[in-house]
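K.L.:
generate coordinates for the sequence data below:
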Amino acid sequence: MRDAENIRQLLALQPDYMGFIFYEKSKRFVGTALDEELLRSFPKSVRKVGVFVNATQSYILEMVKKYQLDYVQLHGEELPDFCKNLRFKGINIIKAFSIDQNFYLGKLNNYKPYCDFFLFDTKGEQAGGNGIAFDWSLLNRYDNEKPFFLAGGISLDNAASVLELKHLKIHAIDVNSKFELSPAMKDIDKLAALIKILKSEAVEL
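P.N.:
Here you go, the predicted model:
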């Protein structure tokens, strides 16, 4: 998200989380368009997530302070020690991992002490927002110890299938490209329909 009016429209739907991408190579990069005062006025029920890809610790801390971000989503190759250092500075962390058939789930153990949540996304050409779903059955190998966000190609067509994964600790659904009119501009009607589906099952968005 970055357009002020679009953000206000989405706030009216009362999502649990709203994301802002602080990665210059992304077509959804917030740039200088983000309204600092608007973000500072968010209700506590809507948690603000800053998405970073291999950013420096100083830049992350600067953006957290400037926009009063509630969570930092690390979507790059950040190592456990990087998460640990941020955690010690009071940062709430969502660590993203790109999943495919070759992903080694054992590596997650090194991150568990320093992350609030994991995020499982589809491995693709971009760091995220590829609009493709991975094979969710791969998560049957996950030890299910740490709650996670499920991302990657989730749409109105397959949202019902997400609700069938009740044996997994899905904390929230992360949606993006399937609910856009253009990069960083969300389709409010589609999101309203999705929230209606998910809220009926107490799944967060």
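K.L.:
for Gln73, helix, strand, or coil?
P.N.:
Assigned by DSSP: H, G, I helix; E, B strand; the rest coil, the conformation of Gln73 is strand.
K.L.:
cool, Gly76 as well?
P.N.:
Counting by three-state DSSP, the backbone at Gly76 sits in coil.
K.L.:
how much space between it and Lys25?
P.N.:
Using C-beta to C-beta, to the nearest Å, we find Gly76 at a distance of 11 Å from Lys25. (C-beta placed from N, C-alpha, C; glycine too.)
K.L.:
now for the spatially most central residue of the chain: which residues touch it?
P.N.:
Residue closest to the average C-alpha location in the chain (C-alpha atoms, centre = their mean): Asp174, at 5.2 Å. By C-beta atoms under 8 Å, 6 or more residues apart in numbering, the contact list for Asp174 reads Tyr17, Gly19, Leu119, Asp121, Phe149, Leu150, Ala151, Ile154.
K.L.:
tell me the pLDDT at the closest residue in space to the last one that isn't next to it in sequence?
P.N.:
In space, and not counting its chain neighbours, Ile154 is closest to Val175: 5.1 Å by C-beta to C-beta, 6 or more residues apart in numbering. At Val175, the model reports a pLDDT of 94.
K.L.:
over to Lys196?
P.N.:
If you check Lys196, the pLDDT there is 85.
K.L.:
check which helices and strands the strand or helix carrying it sits against.
P.N.:
Lys196 belongs to helix 188-199 when assigned by DSSP states H and E. With contacts taken as 3 or more C-beta pairs under 8 Å, 6 or more residues apart in numbering; DSSP states H and E, helix 188-199 sits against helix 4-11, helix 159-162.
K.L.:
what's the least confident stretch among the ones you listed?
P.N.:
Note on the helices and strands packed on helix 188-199: helix 159-162 shows the lowest mean pLDDT, a mean of 86.
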